[in-house]
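> Sequence first, then the predicted structure, then my questions.
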Amino acid sequence: MRDDYIREALLVIDDPNVLINVVSRRVKQLKRGNRALVESLEKHSAEDMALREIIERKISYELASPADIAGSRR
């Protein structure tokens, strides 16, 4: 992964742990064949493409609420 992409993505998703999880989930989707949401003339890895999508705000995330977490434990 490119360091400059990581730094820029951290400006969008400021929690590194959340960023890792969002990138990981998107990389899995891209590797399964989902189309990238950004275009590039360069050949990017799935990780870099996921970071670019975050930087360009093409994908977002939503944290689970405490009620959602408690409900899933039952």
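Here it is on my side, so go on.

> which stretches of the chain aren't confidently modelled?
Scanning the chain for pLDDT under 70 picks out 73-74.

> quick one, helices of it?
Using DSSP state H, the helices of the chain run over 3-12, 16-31, 46-55, 66-72.

> With mean neighbour count added, can I get those in CSV?
In this view, the C-beta of every residue, glycine as well, is placed from N, C-alpha and C. Formatted as CSV, the helices of the chain follow (neighbours: other C-beta atoms under 10 Å):
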stretch, mean neighbour count
helix 3-12, 14
helix 16-31, 15
helix 46-55, 21
helix 66-72, 9
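
> With distance to Ser40 added, can I get the ones you listed in JSON lines?
Rendered in JSON lines, the data for these read as follows (distance: least, C-beta to C-beta, whole Å):
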{"stretch": "helix 3-12", "distance to Ser40": "12"}
{"stretch": "helix 16-31", "distance to Ser40": "13"}
{"stretch": "helix 46-55", "distance to Ser40": "7"}
{"stretch": "helix 66-72", "distance to Ser40": "35"}
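
> So for Leu37, which of these sits nearest?
Closest to Leu37 of these, according to C-beta to C-beta: helix 46-55, at 5.0 Å.

> quick one on the thing from earlier: and the helices of the chain: which comes nearest Glu39?
When the helices of the chain are compared (using C-beta to C-beta), the closest one is helix 46-55, at 9.7 Å.
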